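[1] sharing a model that was predicted from the sequence below.
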Amino acid sequence: MMFKHILVPLDGSQSGEVVLPFLRRLPLRTGARITLARIVEPGAKDPGPGFVEESLEFAERYLLEVAANLGVPQGILIETVVRSDRVAESLVSIAQDAGASLIAMATHGRTASHARPFGGVAQQLIRTSPAPILALPSVSRIMPDGRRDPGSTIRTILVTTDGSDYADSIAPLAADAAVACGASILLLEVIPAAGSASRAANQQAAAEEHLQRLAQVFENRGVPTGYLTRKGTPVNGILETAKRRNVDLIAMSTHGGAKRFGAIVGSVTQSVLQQAGIPVLMNRTSPAPKVEGERRKIARTRLRGL
């Protein structure tokens, strides 16, 4: 269950707390756990005697106050963890030790900058997290029905794929979220521009066949599912579809393990996180094969096992 144990990193900022209203709306079952974490990262210079201890005490008081006012249903266990160490590494360690099933965090916090618009900690976690990440934007777009809160009720989930094994690995997580939230699924595959009409027709046919097979994964779990293809670049296709279809959550796989975040996910995931204005659910996977035929073959094999 994706919502069985949620790790929630907080940095004490208002932008970081955007995740809290979202937690109140999640369909958490009795016995679910929420771990609120605050990491005090040591500075480059010695701050003097007692500074770290005072910072840890302040962080613990902050988390206890957040826990007391969280407002989740009874039967949900809320824990707090405070550490002094490197932020991303500490959160990965906490997630591993606690067996977190999901990390839910804001994409704008104290570590955000022009160069890293959704925070350096979020970037590192996307590369190294042992659990899926649900990233919520601090600045959300206004939905056509007037909703602005990025933690609004999840009714439609956009699942993106390119026909590869790694992209389809998000399907089980998206299905879990859809079942838990009573949401519908919209599958999207963006088809790059083809050099000839025959090649374009083949790409379209392959994409539709793949989407039909992928839709069965969700329909077998009783999730209402539709699909569509778009031509163009992945980023524009995802963002335009999310906006036009009034999507509440985008689910996508991202390559992990890259030394430079932007070298792998900068072209798609980074842009989606920065511009979508709605929550994004991500899991880290290995890179997809580069050969088109191999990608399709592996994707079909993967679907049989889902």
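    Noted; the coordinates are in hand. Numbering: from 1, shown residues only.
[2] which residue ranges form the helices in the protein?
    Assigned by DSSP state H, the helices in the chain fall at 19-25, 51-68, 87-98, 120-128, 165-168, 171-181, 197-219, 234-244, 261-265, 271-275, 292-305.
[3] need the contact partners of the third one.
    Just to be clear, that refers to helix 87-98. Helix 87-98 is contacted from outside by 5, 7, 9, 33, 35, 37, 39, 41, 81, 83, 100, 103, 111, 120-121, 124-125, 128-131, using C-beta atoms under 8 Å, 6 or more residues apart in numbering. Every C-beta, even on glycine, is put in place using the N, C-alpha and C of the backbone.
[4] least confident of the helices of the chain, on average?
    Ranked by mean pLDDT, the helices of the chain end with helix 261-265 at the bottom, a mean of 39.
[5] now do Gly71: how many residues are near it, please.
    Applying other C-beta atoms under 10 Å, we find 9 residues neighbouring Gly71.
[6] and Gly182, by the same measure?
    When neighbours are counted by other C-beta under 10 Å, Gly182 registers 12.
[7] next up, the contacts around it.
    Contacts of Gly182 (C-beta under 8 Å, 6+ apart): 27, 155.
[8] what do you get for Val72?
    23-24, 28, 34, 78.
[9] what's the closest of those to Arg221?
    Nearest to Arg221 among those: Leu28, at 19.4 Å, using C-beta to C-beta.
[10] sorry, back to before: how about the contacts of Val72 in JSON lines, adding distance to Leu64?
    Output for the contacts of Val72, formatted as JSON lines (distance: C-beta to C-beta, whole Å):
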{"residue": "Leu23", "distance to Leu64": "16"}
{"residue": "Arg24", "distance to Leu64": "18"}
{"residue": "Leu28", "distance to Leu64": "20"}
{"residue": "Ile34", "distance to Leu64": "13"}
{"residue": "Ile78", "distance to Leu64": "10"}
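[11] closest to Met282 out of the residues you listed?
    Nearest to Met282 among the contacts of Val72 is Leu23, at 17.9 Å by C-beta to C-beta.
[12] which among the contacts of helix 87-98 end up buried?
    Among the contacts of helix 87-98, those classed as buried by 16 or more other C-beta atoms under 10 Å are 5, 7, 9, 33, 35, 37, 39, 41, 81, 83, 100, 103, 111, 120-121, 124-125, 129, 131.
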